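Asker: Model the following, please.
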Amino acid sequence: KRANQMGLRLAAAVPAESAPLATIPAVIEPPANARVAVAATVPGVVVRTLVLEGDVVRAGQPLAVIASREVVTMGADLARANARLGVAQSNAARLNQLSQDGVIAGARADEAQALAAEARADVSEKARSLRMINGQGDTGSYTLTAPIAGRVTTAAIQAGNPVDGSTAPYVIDAANRYEVVGQIPERLIGQVQPGMSVRLAPDIEGRIVAVGSTLDPATRSATVKAEIPARPGIVSGRATTILVSGPAPQGAVAVPEAAVTEIGGRPAVFVTAAGGYAIRPVSVVGVSDGLTILSSGLKAGEQVVTSGVSALKALAASK
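Answerer: Have a look, this model is predicted:
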């Protein structure tokens, strides 16, 4: 009854699988293989832009339409090649019939068939060249398209401006994954390993993929890189902090953060005991996701007070 009056609530200590090691500053970046520059294929003038910086695009989505003299020339070359193919095929068919009728030697028909095959190959090559640049020979324009799905992070292009193959008017970052790059302090070098987990507030989980082997003499730190999924608010270039976690010590347990208080200058919890509650000193490893990780002083399954701790602390101090 008195416990109810004091508002006491209990929770069981549970085995801890991981423990926080450090919270470090970091910067969100796209992975090295997830940023693609979209260059103008051939020189031309921008007719129309179809996306803006910040837009999310799908693979193959049109980005801009470019008018180009080279595309006009390529279209004219394809038209002439198609005309030559028509003539070559007609000639080959005519000579083949004459050969079958015995009017001409078969070698002449074979030669005509070879010329028709060359004409078909020429048409195929010129058509393929136009397809590679998404060109339209009849309009003299081609379309820039997104090579990957992602977010347009650069759109340095305007209608009416010239473009050439030496510039990349669009840059696209893959939208499904990012990296965070931070600096771990010297004391953690050797402890932090690839595969360990990281957390960005409030609830974004990631995995460490690389740990630098070189110590920066100025900051006494090494680089750590982790992969994280895309989420609202995850923007390339944004500064953040990440919580790095590793395997919990042998026998470590986790309790709600509210269960741990300070008594006599040391961290402690109140555990159930015969006839009431007892103070139990503990060793704190760290706090993660609302849980305090304890390396000693408590075993899994023991009941700790999570609500009403202040009242018990005051009662203990008055004795």
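Asker: How far does stretch 194-211 stretch from one end to the other?
Answerer: 7 Å (CA to CA, to the nearest Å).
Asker: One more: stretch 269-278?
Answerer: OK, stretch 269-278 end separation, CA to CA: 8 Å.
Asker: what does stretch 16-35 give?
Answerer: From start residue to end residue, stretch 16-35 stretches across 38 Å - CA to CA.
Asker: For my notes, confirm Gly102 occurs in a helix.
Answerer: No - read with DSSP: H, G, I helix; E, B strand; the rest coil, Gly102 is coil and lies in no helix.
Asker: Pull up the gap between it and Ala109, please.
Answerer: Per CB to CB, to the nearest Å, Gly102 is found 11 Å from Ala109. From N, CA and C alone the C-beta is placed, and that goes for glycine too.
Asker: With neighbour numbers in mind, choose between these two.
Answerer: The neighbour comparison of Gly102 against Ala109 (other CB atoms under 10 Å) goes to Ala109, with 20 against 8.
Asker: For the nearest residue to the more buried one once chain neighbours are set aside, identify the helix or strand it belongs to.
Answerer: With sequence-adjacent residues excluded and distances taken as CB to CB, 6 or more residues apart in numbering, Ala109 is closest to Ser99, at 3.8 Å. Counting by DSSP states H and E, the element that carries Ser99 is helix 69-100.
Asker: Mind listing what's buried along whichever helix or strand comes after that helix?
Answerer: Moving toward the C-terminus from helix 69-100, the next helix or strand (DSSP H and E) is helix 106-132. Neighbour counts over helix 106-132 (16 or more other CB atoms under 10 Å) mark 109, 112-113, 115-116, 119, 122-123, 126-127, 130 as buried.
Asker: for the residues you listed, which one is nearest Ile172?
Answerer: Ranked by distance to Ile172 (CB to CB), these are led by Leu130 at 23.6 Å.
Asker: hang on, that closest one packs against Leu78?
Answerer: Yes - the criterion here is CB atoms under 8 Å, and Leu130 meets it with Leu78 at 6.4 Å.
Asker: what is in contact with the two at once?
Answerer: Gly137 (CB atoms under 8 Å, 6 or more residues apart in numbering).
Asker: Give the full set of residues in contact with the closest residue to Pro267 other than its chain neighbours.
Answerer: Spatial nearest neighbour of Pro267, excluding adjacent residues (CB to CB, 6+ apart): Val284 at 4.9 Å. Val284 makes contacts with 260, 267, 292-295, as judged by CB under 8 Å, 6+ apart.
Asker: which of these are buried?
Answerer: Among the contacts of Val284, those classed as buried by 16+ other CB under 10 Å are 260, 292-295.
Asker: which regions of the stretch 51-200 of the chain sit below the pLDDT cut-off?
Answerer: 175 (pLDDT under 70).
Asker: which residue ranges form the helices in this structure?
Answerer: Assigned by DSSP state H, the helices in the chain fall at 2-6, 69-100, 106-132, 309-318.
Asker: For my notes, please list those in a markdown table and give distance to Pro232 for each entry.
Answerer: Shown next, in a markdown table, are these (distance: least, CB to CB, whole Å):
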| stretch | distance to Pro232 |
| --- | --- |
| helix 2-6 | 42 |
| helix 69-100 | 40 |
| helix 106-132 | 37 |
| helix 309-318 | 36 |
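Asker: Go through those helices and name the closest to Ile28.
Answerer: Checking the helices of the chain against Ile28 by CB to CB gives helix 106-132 as the closest, at 34.5 Å.
Asker: for the closest one, the distance to its chain's centre please.
Answerer: Here helix 106-132 is found 46 Å from its chain centre; the criterion is CA atoms, centre = their mean, to the nearest Å.
Asker: Start the count at 291 instead of 1 going forward.
Answerer: Yes, from this point I'll number from 291; that puts the last item at helix 396-422.
Asker: just checking, what packs against that helix?
Answerer: Under the contact criterion of 3 or more CB pairs under 8 Å, 6 or more residues apart in numbering; DSSP states H and E, helix 396-422 touches helix 359-390.
Asker: how many degrees apart are the helix it packs on and helix 396-422 in direction?
Answerer: Relative orientation of helix 359-390 versus helix 396-422 (axes from the mean of the first three to the mean of the last three CA atoms, to 10 degrees): 160 degrees.
Asker: Now do helix 359-390: distance to the chain's middle.
Answerer: Relative to its chain's centre, helix 359-390 lies at 49 Å (CA atoms, centre = their mean).
Asker: buried ones in that helix?
Answerer: When neighbours are counted by 16+ other CB under 10 Å, the buried residues of helix 359-390 are found to be 361-362, 364-365, 367-368, 371, 374-375, 378-379, 381-382, 385-386, 388-389.
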